[in-house]
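S.K.: Sequence plus predicted model, see below.
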Amino acid sequence: MNVLDKYDYIQSITRCLRGTTDINFQFSIRLVLKEYFSFRGMKYEMPNSSGGDDKCDGWVEKDAIFYQIYAPQQPKTSVRENMRKKFNDDLTGLLEKVYTEKKWGGKVNEFIFLINTFDRPLPHDSERFFDKLVNEMKKEYDIDFQYRVENIDYIEEEILRSLEVENLDFISSKLGIRNTIDYNAVSLETVYSVIDKISAKVHQLIFTPQLGNDYYKRISAPSKISLNELAEYKDKIENFILKLGIIEDILVTVNADFTYSDKFERVISFIIEKYNKLSEKYQGIKLYDEVVSSITDACDNNEGLIIPCEMLIVYVFDKCDIFKKE
């Protein structure tokens with residue numbers, strides 16, 4: 001399985017979902033959840049609302065999991081207040097249908113309120129509004145059930161990442177976005193996020209230095225620097241190499257996170273690709289400078305990110321993925 005392909009699918013699907021509202025959002029989520037639960041050997045249904053509002057936008061009958069799926073075009077009040085009102089109406093309405101009117105199998109095990117917050121995180125709930133309301137409902141009906149308030153992050157992190165590429169390909173096709181995926185593209189946002197992560201580590205090292213500061217032991221042989229006509233930058237390159245433990249530390253973290261692990265690998269591939277193309281035209285110091293420029297350009301030439309950019313390039317250099325080997 002090609003992990004880069006999986007990343008492309010996930011990013012494209014979530015981007016598509018964040019841009020939809022109303023019934024289109026519900027139908028799009030239906031496609032995703034139907035494929036996900038089918039993958040798990042379960043059945044997800046989205047009831048037809050034309051027969052009346054029975055307070056169920058989708059459910060897994062076997063496990064009594066109920067979804068309310070909400071993507072307002074333009075809330076009349078604040079997002080937080082609008083979300084609270086909708087949650088209250090949907091939960092109280094569902095419980096009445098289930099426990100008073102004896103619909104939907106007569107039981108709720110889990111209630112998942114899924115709202116499209118577009119490019120924003122979920123509003124904070126410092127007043128514990130949802131906990132209080134749920135606890136009131138549990139007492140009123142003498143029942144117990146789980147609840148969740150989620151946005152598209154839930155779809156990305158818990159649903160899409162657990163699927164195989166074939167499932168993601170099917171969803172992309174159904175959503176009409178399959179042909180828009182560029183498998184070789186590396187967005188400037190991806191480059192920037194990786195460089196920014198290194199920058200944060202550099203600042204951390206400055207203000208909280210490590211004892212000894214020598215945990216990256218391997219140093220490329222001076223002959224490699226000489227072979228590539230980089231003697232003028234010898235001190236600078238070797239100084240960067242001594243600090244490459246910063247990137248090793250980052251790798252320990254990102255390897256446990258699919259998104260960042262994939263971003264890091266993509267940016268490394270991006271650097272190698274830039275080097276291969278530039279090496280056809282330049283060599284020595286000029287080649288080194290052009291590779292650095294090609295990466296800093298992706299970060300809008302932010303002066304504060306030039307050193308992290310160069311550090312990452314030296315990391316690739318030290319791994320012998322660019323420039324002639326000894």
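M.R.: Here it is on my side, so go on.

S.K.: Which stretches in the protein count as strands?
M.R.: 58-60, 65-70, 110-115, 146-150 (DSSP state E).

S.K.: Figure out how far the shortest one is from the centre of its chain.
M.R.: Chain-centre distance of strand 58-60: 25 Å, with Cα atoms, centre = their mean, to the nearest Å.

S.K.: Likewise for the second one?
M.R.: Remark: strand 65-70 is offset 22 Å from the chain centroid, using Cα atoms, centre = their mean.

S.K.: that older thread, adding mean pLDDT, mean neighbour count and distance to residue 163 as columns, could you present the strands of the chain in a markdown table?
M.R.: Heads up, the C-betas are built off the backbone N, CA and C, glycines and all. Below are those laid out as a markdown table (pLDDT from 0 to 100; neighbours: other Cβ atoms under 10 Å; distance: least, Cβ to Cβ, whole Å):
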| stretch | mean pLDDT | mean neighbour count | distance to residue 163 |
| --- | --- | --- | --- |
| strand 58-60 | 95 | 21 | 16 |
| strand 65-70 | 95 | 22 | 18 |
| strand 110-115 | 97 | 20 | 17 |
| strand 146-150 | 97 | 16 | 17 |
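
S.K.: Let me know the pLDDT of residue 222.
M.R.: Residue 222 is assigned a predicted lDDT (pLDDT) of 72.

S.K.: which one is it nearest to, not counting chain neighbours?
M.R.: residue 234 (6.8 Å; Cβ to Cβ, 6 or more residues apart in numbering).

S.K.: Could I get the full set of helices for this structure?
M.R.: For the chain, the helices defined by DSSP state H occupy 3-18, 22-39, 79-95, 129-141, 152-154, 165-175, 188-207, 222-227, 234-242, 245-254, 258-278, 284-298, 306-318.

S.K.: okay, and for the protein, where does confidence drop off?
M.R.: Applying pLDDT under 70 to the chain flags residues 1-5, 49-53, 74-77, 179-190, 192, 201, 203-221, 250-262, 298-304, 326.

S.K.: Now do the contacts for residue 132.
M.R.: Residue 132 makes no contacts at all, as judged by Cβ atoms under 8 Å, 6 or more residues apart in numbering.

S.K.: now with 10 Å?
M.R.: Contact analysis of residue 132 by Cβ atoms under 10 Å, 6 or more residues apart in numbering lists residue 125.

S.K.: Tell me how many other residues crowd the residue nearest to residue 78 when sequence neighbours are not counted.
M.R.: Computed as Cβ to Cβ, 6+ apart, the closest residue to residue 78 that is not its neighbour in sequence is residue 123, at 7.9 Å. Residues contacting residue 123 under the criterion other Cβ atoms under 10 Å number 17.

S.K.: Could I get the contacting residues of residue 123?
M.R.: Residues in contact with residue 123 (Cβ under 10 Å, 6+ apart) are 78-84, 115, 117, 149, 151.

S.K.: for residue 119, same thing?
M.R.: Residue 119 touches 15, 18-19, 152, counting by Cβ under 10 Å, 6+ apart.

S.K.: Drop anything exposed from these.
M.R.: Buried by 16 or more other Cβ atoms under 10 Å: 18, 152, out of the contacts of residue 119.

S.K.: For the contacts of residue 119, work out which two are farthest apart.
M.R.: Farthest pair in the contacts of residue 119 (Cβ to Cβ) is 19 and 152. Separation: 10.2 Å.

S.K.: what's the overlap in contacts for the two?
M.R.: 25, 71, 116, 118-119.
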